[in-house]
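[1] this is the structure alone, sequence omitted:
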């Protein structure tokens, strides 16, 4: 039996992989043009067509090696935030986690330290021959499809690189088709998409907005900056989403909206949230920053409330560096949203030919991203389904490999309700104590 390896970490956000692992194949589920449900299910079976398509993609755009990119040996993206990476020689075999002796003999996984450059897996000589330098594991790794540079060059040579250009339109059309929403508007960030929600609902002093206690600060600041009182509702310990059972008692006559955040790409319990919102006549807003291509009962996340907000930040599954989108599920808000996104003027009507000029009409700001960012995003969106499917395959491998270890050490692995299809953004674990999470005490893996 291998000698126990010490492991200290709070979040597992990646895949247990090894250069010698034979990557299983997967089948991304295609989307129809009349998309009303979403399916990124994973099947571990021999699907040669999937890899043939990827190999053709590599022949067209050039293959990449693992040393210089975030691709594994098959050319697929690795999960972001790799805690265990091919570079460390770690591999998964049923419930055990072991080191590849040929790569790093006599080394055990020591205290993980978080730094600006990522997670550092420490190493020590345990009485064996050889000594290895600590391996720096990036906080995340961007997957480049190969088309980004070509699309950016197209945008540059077109002479149209400001906001609301051709690539912006293509991205918005793609999101509308895949998610089945009446209108999608690209924004410079998910934060700005949330701010647009607040402006569209005329949120102001005296209003209350309910949000989960466990979320990114933008979920609150987008509404508090307009004078709203933020009412925090506690989060569940299994999905880390807002506890739907506690929302109704937080409702008052001043409640304007309930903001849900689908943590790690796993949907909140929307049935109960809809019931409460309908009973009291308040809006449901979705912070779907983690959740692009996730679904609830077959319906895409971001399409379930009055508005949804997506993030395409560098750390997200699909990225253009900085970016987001406002998903408008109530067509009555589309015209005003277009005005607010363009500094409060109705230039979109002038561009469409429905007005002879444009003028200042409303509050607003400059929320439209450069078409260079949209060009980058389009290349990502075109492969978003297989990217998500591969992340799901690795997420399941991670869960299966850690199950016995988690049971033995009172560690809670992610729970996904049966009605949810995750977006596989984060693999989070709940540690038994703060000491175990920070590395002051260790848990053993054999």
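    Thanks, I have it. Values in this document were obtained by computation on a predicted structure and should not be read as measured data.

[2] output the longest helix belonging to this structure.
    Using DSSP state H, we find that the single longest helix of the chain is helix 384-408.

[3] next SSE downstream of it?
    strand 420-421 (DSSP states H and E).

[4] strand partners (parallel or antiparallel) of the strand ranked longest in the chain?
    If you go by DSSP state E, the chain has its longest strand at strand 255-261. The pairing partners recorded for strand 255-261 under DSSP bridges are strand 208-212 (parallel), strand 283-287 (parallel).

[5] and the following helix or strand past it, what other elements does it pack with?
    Using DSSP H and E, the helix or strand that follows strand 255-261 in sequence is helix 270-280. Counting contacts by 3 or more C-beta pairs under 8 Å, 6 or more residues apart in numbering; DSSP states H and E, helix 270-280 packs against strand 255-261, strand 283-287. C-beta: built from backbone N, CA, C; applies to glycine.

[6] out of the ones you listed, which gets nearest to residue 197?
    Taking C-beta to C-beta, strand 283-287 is the member of the helices and strands packed on helix 270-280 nearest to residue 197, at 5.4 Å.

[7] name the helices or strands packed onto the helix or strand just after the closest one?
    Proceeding N to C from strand 283-287, the next assigned helix or strand is strand 295-296, under DSSP H and E. Here strand 295-296 touches strand 420-421, going by 3+ C-beta pairs under 8 Å, 6+ apart.

[8] mean confidence for the strand it packs on?
    For strand 420-421, the mean pLDDT works out to 98.

[9] ok, stretch 368-381 next?
    Per-residue pLDDT values over stretch 368-381 give a mean of 98.

[10] can you give me the domain boundaries for the protein?
    5-23+70-141+386-445, 148-382 (automatic domain parsing).

[11] mean pLDDT lowest where, among those?
    For these, mean pLDDT drops lowest on domain 5-23+70-141+386-445, to a mean of 56.

[12] contacts only, for residue 214.
    Contact partners of residue 214, counting by C-beta atoms under 8 Å, 6 or more residues apart in numbering, are 235, 240, 263.

[13] give me the contact list for stretch 350-365.
    164, 192, 195, 199, 336, 339-347, 349.

[14] and the buried ones among the residues you listed, selectable in ChimeraX?
    Selection of buried members from those for ChimeraX, criterion 16 or more other C-beta atoms under 10 Å:
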select :164,192,195,199,336,339,340,341,342,343,344,345,346,347,349
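
[15] can you tell me which of the contacts of stretch 350-365 is closest to residue 147?
    For the contacts of stretch 350-365, the minimum distance to residue 147 (C-beta to C-beta) is 21.5 Å, reached by residue 164.

[16] I figured the closest one was touching residue 368, is that so?
    Yes: with contact defined as C-beta atoms under 8 Å, residue 164 and residue 368 form a contacting pair (5.2 Å).

[17] which neighbours do the two share?
    Counting by C-beta under 8 Å, 6+ apart, the residues touching both residue 164 and residue 368 are residue 342.

[18] could you identify which of the domains of the chain is most buried?
    Highest mean neighbour count among the domains of the chain (mean count of other C-beta atoms under 10 Å): domain 148-382, with a mean of 20.

[19] just the contacts of stretch 350-365 now: which is nearest residue 158?
    Nearest to residue 158 among the contacts of stretch 350-365 is residue 164, at 13.1 Å by C-beta to C-beta.

[20] for the longest helix of the chain, which helices and strands make contact with it?
    In terms of contacts (3+ C-beta pairs under 8 Å, 6+ apart), helix 384-408 is packed against no helix or strand at all.

[21] to residue 382, which of the strands paired with strand 255-261 lies closest?
    Nearest of the strands paired with strand 255-261 (C-beta to C-beta): strand 283-287, 23.8 Å.

[22] next, residue 333: secondary structure please.
    Judged by DSSP: H, G, I helix; E, B strand; the rest coil, the three-state class of residue 333 is helix.

[23] how near is it to residue 164?
    Separation of residue 333 from residue 164 (C-beta to C-beta, to the nearest Å): 18 Å.

[24] run through the bridge partners of residue 326.
    residue 185, residue 309.

[25] how close does it get to residue 180?
    Going from residue 326 to residue 180 by C-beta to C-beta gives 15 Å.

[26] equivalent analysis for residue 231, please.
    Counting by C-beta to C-beta, the gap between residue 231 and residue 180 amounts to 31 Å.

[27] likewise for residue 166?
    23 Å.

[28] still on that earlier bit, show me the two of the contacts of stretch 350-365 that sit farthest apart.
    195 and 349 (22.6 Å).

[29] so residue 317: helix, strand or coil?
    Assignment for residue 317 (three-state DSSP): coil.

[30] wait, it touches residue 424, no?
    Yes: with contacts counted by C-beta under 8 Å, residue 317 reaches residue 424, the gap being 7.3 Å.

[31] shared neighbours, these two?
    Taking C-beta under 8 Å, 6+ apart as the contact rule, residue 317 and residue 424 both touch 265, 388, 391.

[32] nearest to residue 174, of these?
    Nearest to residue 174 out of the shared contacts of residue 317 and residue 424 is residue 388 (C-beta to C-beta; 14.3 Å).

[33] do you know how far the closest one is from residue 318?
    Distance of residue 388 to residue 318, given as C-beta to C-beta: 8 Å.
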